[in-house]
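*Asks:* Predicted model follows, preceded by the sequence.
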Amino acid sequence: MGSTAEPLSRFCRWYIYAIHGYFSEVMFTATWAFIVDQDWKFQGVTSVWALFIYGTCSLALERIYLLLRGRTSLLTRGTLYTFCIYLWEFATGYVLRCFNACPWDYSHFRYNFMGLVTLEYCLFWFIGGLLLEKMVIRNVLRLRLHAACKPQGNPFPRFELKED
């Protein structure tokens, strides 16, 4: 009796991408503070909004990867990923700023636009986009859920009180 396997759902992939982005941002901010400020505490920071931002942007980059793999060079895909990341960072930052909830401010960088994006991070986003493709997206797309492992029935059964 063979067990069939199916790809992870979009929500499962979004969740993995969100956690990956969240962790990456914490490690990046800790490393940045260590290098720039010699902060030996190695404390990274992020925002709960980062889960949505990274998960959703990574799903979009996954789609771009699937459309362009084998058709374009790595340099072209990396450039497109960087452009999409900047666009998404600006758009989400702008919306969050409207609610006084934007967790980042690049105003102190020389080449910033409205404090929401900065060209100083261009190389980081370029490399990050390519690493996301090569190390995360490609592996997440290979993951399969075996039918035997899928929950059967309603995962949230109703509990009814019985009167004695």
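*Replies:* It's in. Bear in mind that the values here come from a model prediction, so they are computed numbers and not experimental data.
*Asks:* residue ranges with poor pLDDT in this structure?
*Replies:* For the chain, applying pLDDT under 70 flags the ranges 1-3, 147-164.
*Asks:* mind redoing it with 50?
*Replies:* Counting by pLDDT under 50, the chain shows low-confidence ranges at 1, 161, 164.
*Asks:* distance of the spatially most central residue of the chain from Arg71?
*Replies:* With the centre of the chain defined as its mean C-alpha position, the nearest residue by CA atoms, centre = their mean is Tyr54, 2.6 Å away. Counting by CB to CB, to the nearest Å, the gap from Tyr54 to Arg71 is 26 Å. C-beta: built from backbone N, CA, C; applies to glycine.
*Asks:* Report the beta-bridge partner residues of Asn112.
*Replies:* With beta bridges defined as DSSP bridges, Asn112 has these partners: Thr118.
*Asks:* Quick one: residues contacting the closest residue to Tyr111 other than its chain neighbours.
*Replies:* Taking CB to CB, 6 or more residues apart in numbering, and ignoring the residues beside it in sequence, Tyr111 has Leu119 as its nearest neighbour in space, at 3.8 Å. Contacts were defined as CB atoms under 8 Å, 6 or more residues apart in numbering; by that measure Leu119 touches 109, 111-112.
*Asks:* next one: Gly93
*Replies:* Counting by CB under 8 Å, 6+ apart, Gly93 touches 102, 104, 116-117.
*Asks:* and with 6 Å instead?
*Replies:* The contact partners of Gly93, by CB atoms under 6 Å, 6 or more residues apart in numbering, come to 102, 116.
*Asks:* how far away is it from Ile19?
*Replies:* Counting by CB to CB, the gap between Gly93 and Ile19 amounts to 21 Å.
*Asks:* which of the contacts of Leu119 are buried?
*Replies:* Buried by 16 or more other CB atoms under 10 Å: Asn112, out of the contacts of Leu119.
*Asks:* helices or strands up against the biggest helix by length in the chain?
*Replies:* Assignment by DSSP state H gives helix 10-37 as the longest helix of the chain. With contacts defined as 3 or more CB pairs under 6 Å, 6 or more residues apart in numbering; DSSP states H and E, the secondary structure elements packing on helix 10-37 are helix 49-68.
*Asks:* what's the helix it packs on in contact with?
*Replies:* Outside helix 49-68, the residues that reach it (CB under 6 Å, 6+ apart) are 14, 17-18, 21-22, 25, 77, 81, 88, 92, 133, 137.
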